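[1] Sequence and computational prediction follow.
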Amino acid sequence: MIDYIAPSLDTTISAISNALYLLGTHPEQWRLLKDDPDLIPAAVNEIVRYESPLRAFARRVRQDGEIAGTTLPSGSRVLVLYASANRDEDAWDDPATFDIRRDAGRHVGFGNGAHACAGQGLARLETVAILRALVERVDRIEVTGRPVWAVNNIIRRHSHLPIRLVA
């Protein structure tokens, strides 16, 4: 249970914070969500794609290989940049635009394959629950000051996010 719950705390908190920030700075997206709460699961995918809570993770190369002309010898360490992949112009149409109507289910913000986050179901459940509660109770999300991003190479999170929830 520790391996399931503990790693999800920082990333889930970050995803929820990122959701508040993104929906506060993109009021048209918040209005879409309020008008159609069925978009909440798609919104969670787009939030994780656009502001990946887990920016990167290190991996060890199991066998000699090559990526884009660069040789990767067996045993070397590489850094997989999830945040970069989720904004890759070859993979996404208009990747710099935050759009909760986008089909972002193939994002890699929760990893992929054998290295997919075991707690992503719980993270999705918690984020969906928060967004559902907000949609029912909040008319507007306002960012009331300059957010401060935490200094962290791995987790994309706020250390300070001044917001106002207007009923």
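    Yep, that arrived. Remember, predicted model here, so these are calculated numbers, not experimental data. Residues are numbered from 1 along each chain as shown.

[2] Would you pull up how far stretch 115-134 lies from the middle of the chain?
    The chain centroid and the centroid of stretch 115-134 are separated by 11 Å under CA atoms, centre = their mean, to the nearest Å.

[3] which of the residues in it are buried?
    117, 119-120, 123-124, 126-127, 130-131, 134 (16 or more other CB atoms under 10 Å). Every residue, glycine included, has its C-beta placed from N, CA and C.

[4] Isn't Lys34 up against Val135?
    Yes. The pair Lys34 / Val135 is scored as a contact, 5.6 Å apart, by CB atoms under 8 Å.

[5] neighbour-wise, which of those two wins?
    For Lys34 versus Val135, neighbours defined as other CB atoms under 10 Å are more numerous around Val135 (19 against 16).

[6] I'd say the more buried one and Ala43 touch.
    No. Contact criterion CB under 8 Å: Val135 and Ala43 do not qualify, at 9.7 Å.

[7] Next, show the common contact partners of the two.
    Counting by CB atoms under 8 Å, 6 or more residues apart in numbering, the common neighbours of Val135 and Ala43 are Leu33.

[8] Run through the helices of this structure in chain order.
    With helices called from DSSP state H, the chain shows them at 2-25, 27-35, 40-50, 82-85, 120-137.

[9] For the shortest one, name the packing helices and strands.
    Put plainly, it is helix 82-85. If contacts are counted by 3 or more CB pairs under 8 Å, 6 or more residues apart in numbering; DSSP states H and E, helix 82-85 sits against strand 56-60.

[10] Lowest mean pLDDT among the helices and strands, pick that one out for the protein.
    Averaged element by element with mean pLDDT, DSSP states H and E, the chain has its least confident helix or strand at helix 2-25 (a mean of 84).

[11] Could you check what's spatially nearest to the most centrally placed residue in the chain, not counting adjacent residues?
    Centroid check for the chain by CA atoms, centre = their mean gives Val48 as the closest residue, at 2.0 Å. Closest residue in space to Val48, ignoring its immediate chain neighbours: Gly109 at 3.7 Å, by CB to CB, 6 or more residues apart in numbering.

[12] measure the one you found to Arg137 for me?
    27 Å (CB to CB, to the nearest Å).

[13] And Val128, by the same measure?
    On the measure of CB to CB, Val128 and Arg137 end up 15 Å apart.

[14] His26: what's it in contact with?
    So His26 contacts Phe98 (CB under 8 Å, 6+ apart).

[15] Quick check: Ala167 touching Arg137?
    Yes. Between Ala167 and Arg137 there is a contact under CB under 8 Å: 6.3 Å.
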